[in-house]
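Asks: Sequence first, then the predicted structure, then my questions.
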Amino acid sequence: MEILFTEKEVKIIEKLLKKIRNREKIKPPFPKYLKELFDILDENDRLKLKVEELNKKLLIKKMEIDSIFDLTSASYWSFDKKVLVTLVRNLIMGQLGVNKLIIFSKNKKLIEILEKRGVYLKEEKIKELISQKVKDCKNNILPIDDSFLPNFTKLYFISSKENQNGIGVLIGNKIGGIEITPEEEDFVQTILMQLNIMLDNIELYHSHLEKVRIRKELSIAKKIQDRMLPYKNPEWEGIKVEALTLTSYEVGGDLYDFLEDKKNYYVTIGDVSGKGISAALIMASAQASVRSLLKGGRKDLKSIIKRLNKVLLSITRSEMYLTFIIFKIDKKGEFIEYFNAGHLPALLFKKDGRILELNEGSYFLGMFEKIDGKNGKIRVEKNDKILLFTDGLSEFEKDSKEIGVKGIKEYFKKSDYDIKKMYELLTGGQKIKLKDDLTIISLNF
């Protein structure tokens, strides 16, 4: 049998094995095979360190995945920004072992502090400092020092789709002064990206809820407004009355009404400047005021106009105005009295082919305290027609041009004085989106 080691060598090996971790204390030279053994042991040590390093990275990745899972889960049961920000704070501070943290958002130039721990500077000062640092910053990690914020060492910022917006976090070293590793930096950035997405989703969610709420309220407002307008055309002796009204939004600023007392029929039409809810509110106030004035016994048209102007001035503070026409038709006579307050002219189509524009009156209401002008008076005969309308009709575009009052005259005649046929001629029978509210009234004697 071949002897591999001498007795002396065996003793040396035993001694080496006992002190293998302190072999640097053993004096060389070593036999060749021992050197090879040491190389193997060194390689094992290097591999062990590498495995430990990989385990750390895996741990951080697991921590990252667990954190994203926690965040994602939280987003399903909570659409509260504060809840998610608090969760991110706990994740970063708990997983990294830091005791100083500031989470902030940037919306264009506005900085909002969402969460802070371990910093006692006034919030306005912190906002000012952050604003300077992330002024033109996109996705980035920015080193900072005590001259910026004491005991803070890193600023992480993640921008949204629009680079003017984003979310960031300021943190200091870990407890014990240990610096944050690149893997931990990746963890922070991943968490921030996830939070950024979720906050965007929360904003979209609340925006959707707000739109749903507004749509619901507008639907209710439309029903109320529809009930305020005449639900059917009146059946007046000797006069065929037709009306058509359409809004460019859910609710509009056009108004019209048909009223009567023992001696007279009344027709009103008006147009509030602007569109939507604000115009609809003014429209409702104007219509209610006119009804109240007529029921209260006020019959003089200029007197009604003056009173309506005062009501509107008290509501609008001269920020909006109303154009308005009121007609008073004597049930027994052949004359019509009217007052035009800055509205487009009513058109009187005489049976002999003439077309008269009824402009007598004053300027629009709700802007000036004084109302000048006088009532107009016209004589009507059998087969005469009167057309009243708002600027949604005169500004209607045909072949990329507004038809104007001249076009209205032509189309009303072409339609054989039928307002529904007239509208079909204008639209070609197609459903279109109106630029403005549109109201048409015809009186055929």
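Replies: Received it, and whenever you're ready, just let me know what you need. None of the values given here were measured: they were computed from a predicted structure.

Asks: gap between the residue nearest to the spatial centre of the chain and Met198?
Replies: Nearest to the mean C-alpha position of the chain, counting by CA atoms, centre = their mean, stands Ser207 at 6.2 Å. The spacing between Ser207 and Met198, counted by CB to CB, to the nearest Å, is 15 Å. C-beta: built from backbone N, CA, C; applies to glycine.

Asks: Leu434 now?
Replies: Leu434 sits 40 Å away from Met198 when distances are taken as CB to CB.

Asks: which of these two has more neighbours?
Replies: Neighbours around Leu434 and Met198, counted as other CB atoms under 10 Å, are more numerous at Met198. The numbers are 22 against 16.

Asks: In terms of pLDDT, where does that one sit?
Replies: In the predicted model, Met198 carries a pLDDT score of 80.

Asks: Over to Ser131?
Replies: The score at Ser131 is 84. That number is its pLDDT.

Asks: export stretch 206-222 as CSV, just CAs?
Replies: This file holds the C-alpha atoms of stretch 206-222, laid out as CSV (Å, rounded to 0.1, in the frame of the first residue of the first chain):
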residue,chain,number,x,y,z
HIS,A,206,-63.0,59.9,-7.9
SER,A,207,-63.2,61.8,-11.2
HIS,A,208,-65.5,59.1,-12.5
LEU,A,209,-67.7,59.3,-9.4
GLU,A,210,-67.9,63.0,-9.7
LYS,A,211,-69.0,62.7,-13.3
VAL,A,212,-71.6,60.2,-12.4
ARG,A,213,-72.9,62.4,-9.7
ILE,A,214,-73.0,65.5,-12.0
ARG,A,215,-74.7,63.5,-14.7
LYS,A,216,-77.3,62.3,-12.2
GLU,A,217,-77.9,65.9,-10.9
LEU,A,218,-78.1,67.2,-14.5
SER,A,219,-80.6,64.6,-15.3
ILE,A,220,-82.7,65.7,-12.4
ALA,A,221,-82.2,69.3,-13.3
LYS,A,222,-83.4,68.6,-16.9
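
Asks: quick check: mean pLDDT across that stretch?
Replies: Averaged over stretch 206-222, pLDDT sits at 78.

Asks: ok, and for that stretch, which residues are buried?
Replies: Leu218, Ala221, Lys222 (16 or more other CB atoms under 10 Å).

Asks: again with stretch 391-411
Replies: Residues of stretch 391-411 classed as buried by neighbour count (16+ other CB under 10 Å): Asp391, Gly392, Leu393, Ser394, Phe396, Ile403, Gly407, Ile408, Lys409, Tyr411.

Asks: Go ahead and confirm the fourth one touches Pro345.
Replies: Looking back up the chat, that one is Ser394. No: checked against CB atoms under 8 Å, the pair Ser394 and Pro345 is beyond contact range at 9.9 Å.

Asks: Mutual contacts of those two, please.
Replies: Common neighbours of Ser394 and Pro345, counting by CB atoms under 8 Å, 6 or more residues apart in numbering, are Val405.

Asks: what number of residues lie near Leu49?
Replies: 10.

Asks: got it, and Lys127?
Replies: As a measure of burial, Lys127 has 16 neighbours, counting by other CB under 10 Å.

Asks: Next, it: secondary structure please.
Replies: In terms of secondary structure, Lys127 is helix; the call rests on DSSP: H, G, I helix; E, B strand; the rest coil.

Asks: per-residue confidence for it?
Replies: Looking at Lys127, its pLDDT stands at 87.

Asks: show me the contacts for it.
Replies: For Lys127, counting by CB under 8 Å, 6+ apart, the contacting residues are Phe104, Ile111, Glu112, Ile113.

Asks: one more time with 10 Å, if that's ok
Replies: Phe104, Leu110, Ile111, Glu112, Ile113, Leu121 (CB atoms under 10 Å, 6 or more residues apart in numbering).

Asks: cool, Gly376 as well?
Replies: For Gly376, the contacting residues are 301, 325, 327, 336-340, 346, 358-361, by CB under 10 Å, 6+ apart.

Asks: ok, for it, nearest residue in space, not its chain neighbours?
Replies: Taking CB to CB, 6 or more residues apart in numbering, and ignoring the residues beside it in sequence, Gly376 has Glu360 as its nearest neighbour in space, at 2.8 Å.

Asks: Measure how far stretch 128-145 is from the centre of its chain, please.
Replies: Computed by CA atoms, centre = their mean, to the nearest Å, the chain-centroid distance of stretch 128-145 equals 28 Å.

Asks: Could you pull out the helices in this structure for me?
Replies: Along the chain, the stretches classed as helices by DSSP state H are 7-18, 32-77, 81-96, 123-133, 182-228, 276-295, 301-316, 391-394, 404-414, 419-427.

Asks: right, so the ones you listed: which one is the most enclosed?
Replies: Of these, the one with the most neighbours on average (mean count of other CB atoms under 10 Å) is helix 391-394, at a mean of 22.

Asks: That helix packs against which elements?
Replies: Counting contacts by 3 or more CB pairs under 10 Å, 6 or more residues apart in numbering; DSSP states H and E, the secondary-structure elements packed against helix 391-394 are strand 239-246, strand 401-402, helix 404-414, helix 419-427, strand 438-444.

Asks: 7 Å instead, please
Replies: For helix 391-394, the helices and strands in contact under the criterion 3 or more CB pairs under 7 Å, 6 or more residues apart in numbering; DSSP states H and E are helix 404-414, strand 438-444.

Asks: For Asp226, which residues are in contact?
Replies: Listed by CB atoms under 7 Å, 6 or more residues apart in numbering, the contact set of Asp226 is empty.

Asks: what bits of the stretch 251-400 of the chain have low per-residue confidence?
Replies: Low-confidence regions of the stretch 251-400 of the chain, defined here as pLDDT under 70, cover residues 318.

Asks: if we go to 80?
Replies: For the stretch 251-400 of the chain, the stretches with pLDDT under 80 are 251-252, 274-277, 296-299, 316-319, 333-334.

Asks: Just the strands from it, written as ranges.
Replies: Listed in chain order, the strands of the stretch 251-400 of the chain (DSSP state E, counting those that start in this stretch) span residues 254-260, 264-272, 322-330, 335-341, 346-349, 355-358, 361-362, 376-379, 385-389, 397-398.

Asks: Show me the one of these that comes nearest Glu128.
Replies: strand 264-272 (45.3 Å; CB to CB).

Asks: name the helices or strands packed onto that closest one?
Replies: The elements that strand 264-272 packs onto, with contact taken as 3+ CB pairs under 7 Å, 6+ apart, are strand 254-260, helix 276-295, strand 322-330, strand 438-444.

Asks: Tell me what angle it forms with strand 335-341.
Replies: Calculated by axes from the mean of the first three to the mean of the last three CA atoms, to 10 degrees, strand 264-272 forms an angle of 20 degrees with strand 335-341.
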